[in-house]
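K.L.:
Provide a 3D model corresponding to the input given below.
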Amino acid sequence: MLATKNSFWQNFLEIPVSINASYGDAFQPLLWNDTLNKLSILASCGHKAPVMIGSKYIITDAQFEEIKKINQDVWLFIAITGLDKCCSFSMKEYEEYYLKACGHLKNVVCAIRPIIPKRNDNMETLLPVIQMVGKGKKMLTYTGFKNSSIVGCPQYRNEPLFNLIEQECHKHSILCYEKSVCIVCAINQTDCFVHCKTEPIHLDLIKALGYDFHVENGQLIVTGYNGNNYLSKGDISFIRMLTKSSLVSGNISSLAQILSFRIDNIPLVSTSSWFNWARQTNCVVGCDYCFAGYDSKTRIDLEYYGCNPPDLTKVLQK
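P.N.:
Purely as a prediction, here's the structure:
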């Protein structure tokens with residue numbers, strides 16, 4: 001089992017990780033040292049996959065230098081909605097910060113998240129953001145608003161507007177996708193594990209983690225966890241990351257992004273693009289539209305969630 005665990009350890013180093021990017025804010029004073037510590041831990045264990053920090057906060061040149069000393073290839077996703085009435089920073093400050101970030105880091109993505117009905121769902125608001133991105137790293141992602149007070153609420157979609165965003169990005173030679181993983185894989189020239197149709201790999205790994213599945217005509221069909229016909233949306237995303245393949249679920253019992261197992265009683269979370277490693281705290285960037293607001297019915301209540309991916313070896317089954 002030791003040799004198998006060692007090989008699985010290497011597999012876990014290939015999981016894309018986001019740091020403090022879902023709740024709170026990775027760069028704000030309360031989380032800054034924790035963010036640096038997580039970056040350092042990933043670097044020291046030889047993490048191979050993309051690492052992302054998402055933020056609405058603005059940091060200094062000195063802080064950029066600290067990041068670069070640890071990981072020059074970190075992916076920075078800056079949330080810029082075009083709205084400056086309810087946040088700590090104005091659109092002008094974000095423009096200056098975005099271009100400065102592009103001078104420091106190789107991978108800087110502008111994330112127009114969320115696009116909110118009757119607030120920024122118009123090209124008058126979004127066009128300056130797109131034009132700004134055209135002067136920088138030319139990478140943009142966007143997502144519609146999701147009401148976090150309604151469990152399972154779909155994201156807001158405005159297809160005519162989304163088409164205009166795509167057209168304008170094409171005009172400025174901007175790489176534009178709705179999902180983070182698509183941009184990362186396009187830049188790194190790797191298969192997108194959300195959309196690829198390749199045969200699944202690492203089946204021995206998901207078996208050792210406790211997932212129940214079978215393969216039929218090259219298609220992975222996952223039916224549950226440890227004999228229970230229960231799977232969360234997070235489980236599906238996580239398995240897709242590990243197997244680098246699309247899959248069919250026999251049953252999705254929960255739309256939550258929390259996995260069916262824990263590490264040292266700490267919950268684990270996986271979105272469609274990232275395995276999340278985070279600490280929760282109040283966010284000092286005062287957005288009144290934040291999907292992770294403290295009245296949210298979809299947020300996670302514990303202070304810590306996620307782990308350094310190699311720690312997942314603790315739950316491997318013989």
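K.L.:
low-confidence ranges in the chain?
P.N.:
For the chain, the stretches with pLDDT under 70 are 1-5, 22-23, 85-87, 147-152, 250, 286, 288-302, 318.
K.L.:
residue boundaries of the strands in it?
P.N.:
With strands called from DSSP state E, the chain shows them at 17-19, 51-55, 75-79, 107-115, 139-144, 175-177, 211-216, 219-225, 247-249, 258-263, 266-270, 275-279, 304-305.
K.L.:
Which segments of the chain make up each domain?
P.N.:
Listed by automatic domain parsing, the domain ranges of the chain are 15-188, 195-268.
K.L.:
Give me the distance between the longest one and the centre of its chain.
P.N.:
Think domain 15-188. How far domain 15-188 lies from its chain's middle: 10 Å, per CA atoms, centre = their mean, to the nearest Å.
K.L.:
How about the last one?
P.N.:
Using CA atoms, centre = their mean, the mean C-alpha position of domain 195-268 is found 18 Å from that of the whole chain.
K.L.:
Can you say which of the domains of the chain is nearest to N308?
P.N.:
domain 15-188 (5.4 Å; CB to CB). Glycine gets a C-beta too; all of them are placed from N, C-alpha and C.
K.L.:
Mind putting the domains of the chain into a markdown table with mean neighbour count?
P.N.:
Formatted as a markdown table, the domains of the chain follow (neighbours: other CB atoms under 10 Å):
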| stretch | mean neighbour count |
| --- | --- |
| domain 15-188 | 18 |
| domain 195-268 | 17 |
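K.L.:
what would those look like in JSON lines with distance to N282?
P.N.:
Converted to JSON lines, the domains of the chain look like this (distance: least, CB to CB, whole Å):
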{"stretch": "domain 15-188", "distance to N282": "7"}
{"stretch": "domain 195-268", "distance to N282": "19"}
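K.L.:
For K314, which of these is the nearest?
P.N.:
domain 195-268 (5.8 Å).
K.L.:
List the contacts of the closest residue to R119 other than its chain neighbours.
P.N.:
In this structure, R119 finds its nearest non-sequential neighbour in L83, 6.4 Å apart by CB to CB, 6 or more residues apart in numbering. L83 is in contact with M91, I116, R119, N120, T125, counting by CB atoms under 8 Å, 6 or more residues apart in numbering.
K.L.:
ok, the residues you listed vs F12, which is closest?
P.N.:
Among those, and counting by CB to CB, the member closest to F12 is I116, at 36.7 Å.
K.L.:
Verify the contact between that closest one and Y156 for me.
P.N.:
Yes. Using CB atoms under 8 Å, I116 is in contact with Y156, at 7.3 Å.
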